[in-house]
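[1] the sequence and its predicted three-dimensional model are supplied below.
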Amino acid sequence: MKFGKYLESHMRPGWEDHYIEYNRLKEIVKALTKTELRMPERDVNHYTTSLTVQGMPSNFAGKLGTKDVTQEDFFKAIDANVLKVGSFTGVQVKQAKALLEKLEREVDVAVRNKTPGGPSTGLQALEMRAKEIGDTFLDLEKYININYTGFYKILKKHDKNLPSTPARQFYMARLHQTPWIQGDYSAVFVTLSRIYSKLRDDVVPEAQDLELKDFERSTRKYWVKTEHVSQVKHIILQHLPVFQVRQDLLSGDSQMTNSAYFDNSQLELYHGRLEKRPQAIALRIRWYGLGEPELAFIERKTHKESWKGEISVKERFTLPPNLVIPFLKGELKAEEAVEALRQKGKTEEEIEKFRGLFEEVQRVVDVKQLQPLMRTQYMRVAFQIPFDATVRVSLDTNLCMIRENPEHGDSCMEAGRWFRDPTLPVPRTEITKFPHAVLEVKLSLEEGQDAPLWVTQLIESGLLHEVHKFSKFIHGCSVLLPDQVQAVPYWIDDESIRESIIASSNVASEDSTKSSLSKRRMTKKSMMEYPKAEEEDELRHPLLGDYSKTDLIEGGVDEEPPPSKSFGGLLGVFKKDKLKRRALPRMVPMRIEPKTSFANERTFLRWIHMSIILGGVSSAMLGGASPSDVDAHVIGLITIPIAIAITMYGVWIYYWRSLQIKRKEARFAIRFDDRIGPVCLAFILVCLYTTVFVYKLHTL
């Protein structure tokens, strides 16, 4: 569908006059296109001009109806449309805020006047009004997005048809700085969240100490497309309020969150978390807010096997930022930190718990030689009834991962810091920006307690795309440290994050690319198969190769890519006779429970059961029939090889599945279901029955 028709079909009723005038701009471009062929060539490399050179004659203007139109008319029309869209957006946001303020006052009055057991019709009407305001705000976001797309497309069309005066890059940069694109309107959702919380009459438990806190809960992680973020927020805040510990410090609904993850040169913690080894730990220091940290949360996450009835746990304690380095170096003793807790009035139980965790973390840092390795940075909005961890939903946007230690220069510990110096520049090869938002649903339920219905409905809404055991730390290491990791997670092959990985690749020189790529997934056979090097800007990253075709966020793409543009830039880097590469494993986090092996054994026994039936019948016919009974011998001789083949296939498929389960991985997105065996078995049995039928029919 042409964008002009798409725009007309997706306009919100009543707002038609406020959209971009796409068709008019398109007509101006068409009119100007006719002048492009007569436009004299200009050397854009010359930076001088002459005041005595006569300007362009008027016949270089295009005709739009009976009027002459020039490039200046097009640019004025673009500016007018940008101003129109921006003004309308500002008016709508102002109206939404005014309506919410009025609604909140009415809700306060209604809640105060509410009588226990009385009718709730008035509150329901207020809730419907809140939902209408939220829906209108979501329509406004769609309005902004579709207009932004319209500007992009018309400027792209302009540059394609009028290459002598390119304008897209300049105007798109200007658009990104306009208030209706750059503005943060999340405060609208914060107000909406308060209104819903008052309508629900949320009961806030007693405030808890967040400095010494353990969390035992199940977590599921999802990717959310950027265009669906507001819609997901609107659904969640109707059931959970936006949780802000310090509301006075936040202008919107999100808070900057930084986490510095620790590991050693062998990436021991990375591989332990990736393979989901029992008791595998992740160690990080987290702080909140912009600028220098005011309080450091030292956190340890421990993976435990859920099939044993164990739940993974997160433990943490806090330290002043100036004591973190002495703590990591072992100079800060537990007794000194404990004395500070006693002065705060902590109980002996809390102090002993703190002492144990303090000493364990300090010992791990020393024994494993851990140091800051990877930073995750994002804006987090949390939805939770304050201090009630039964259901907690967090949504992370603007997510990026940064190497803590610069490739050239002193490491953090050498510089006496526990996180990267913010004054140092960050090259693109040391940062990767994740293109999606990440939503985490964390449940801390009692045994036998089910998740709330709205959580299930949100998960099944189609707005979320589950990525089992997704980890920001693991993703950052696999993308930014490709020469150090021995395996990478399965989601690294997803098409939707491909560009972000390429953007962080190191293609500064052929030698550096060669040394990185030569250790990765391309085999000599694949190089012989795709020898061309026509594209210089695609697939330079060592993680991207011939199996990078999954699509978690849209629904799976399993076929191999064609030998065309996707492989040109990668495959042309080396000579074919020098390529020897091993496949880098893709690790799929699997929860291996005893029933998994039992299911594999049951499947094997069913194959054996079928072979016993066929083998038993054929053996009885061959052994019990008289030498003159030709029919029995023929049928038995046909059947017994089939029984043997079924037995061998059953043994092979059992061994293959056992090996994959033992490794806890699926290499290159292998499926564990058998799509060939049952079909072949059915086909063989049909052929067997048909052969016997035809044979007997022929002998009668």
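    That came in fine, so what should we check first? Residues are numbered from 1 along each chain as shown.
[2] so where's the stretch 351-500 of the chain uncertain?
    387, 389, 445-449 (pLDDT under 70).
[3] show me the contacts for the residue lying closest to residue 506 once chain neighbours are set aside.
    In space, residue 506 comes closest to residue 429 once its chain neighbours are excluded; the distance is 4.6 Å by C-beta to C-beta, 6 or more residues apart in numbering. C-beta here means a position set from N, CA and C on the backbone, and glycine is covered the same way. Shown in contact with residue 429 (C-beta atoms under 8 Å, 6 or more residues apart in numbering): 407, 480, 504-506, 508.
[4] mind checking which helix or strand of the chain has the lowest mean pLDDT?
    helix 565-571 (a mean of 31; mean pLDDT, DSSP states H and E).
[5] quick check on the residue sitting furthest away from the middle of the chain: phi, psi?
    Centroid-distance maximum for the chain: residue 628 at 71.3 Å, with C-alpha atoms, centre = their mean. Main-chain dihedrals, residue 628, degrees, to the nearest 10: phi -90, psi -10.
[6] check it and give its pLDDT.
    Looking at residue 628, its pLDDT reads 78.
[7] where does the stretch 501-650 of the chain have low pLDDT?
    In the stretch 501-650 of the chain (pLDDT under 70), the answer is 507-594.
[8] please redo it, this time with the cut-off set to 80
    The model of the stretch 501-650 of the chain has pLDDT under 80 over residues 506-596, 624-628, 630-631.
[9] before we move on, what SS does residue 300 have?
    Following DSSP: H, G, I helix; E, B strand; the rest coil, we place residue 300 in the strand state.
[10] could you pull out the strands in the stretch 151-300 of the chain for me?
    213-216, 218-224, 242-243, 255-263, 281-288, 296-302 (DSSP state E, counting those that start in this stretch).
[11] just so I know, which of the ones you listed lies nearest residue 373?
    Residue 373 sits nearest to strand 255-263 of all those, at 4.4 Å, using C-beta to C-beta.
[12] contacting residues around that closest one?
    Residues contacting strand 255-263 (C-beta under 8 Å, 6+ apart): 244, 249, 269-270, 282-290, 293, 365, 370-381, 396, 404, 418-419, 472-473, 476-477.
[13] write the PyMOL selection for whichever of these are buried.
    Restricted to buried positions by 16 or more other C-beta atoms under 10 Å, the PyMOL selection for the contacts of strand 255-263 reads:
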select buried, resi 244+269+270+282+283+284+285+286+287+288+293+365+370+371+372+373+374+375+376+377+378+379+380+381+396+404+418+419+472+473+476+477
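[14] which of the contacts of strand 255-263 fall in helices?
    269-270, 365, 472-473, 476-477 (DSSP state H).
[15] farthest-apart pair in those, please.
    Among the ones in helices among the contacts of strand 255-263, 365 and 472 lie farthest apart (C-beta to C-beta), at 20.8 Å.
[16] okay, residue 299: pLDDT?
    94.
[17] okay, now it: neighbour count?
    21 (other C-beta atoms under 10 Å).
[18] and it, bridged to which residues?
    Beta-bridge pairing of residue 299 under DSSP bridges involves residue 284, residue 316.
[19] which residues touch the residue positioned nearest the centre of the chain?
    Most central in the chain under C-alpha atoms, centre = their mean is residue 223, positioned 4.2 Å from the mean C-alpha point. By C-beta under 8 Å, 6+ apart, residue 223 lies in contact with 436-439, 464-465, 467, 470, 496, 552-553.
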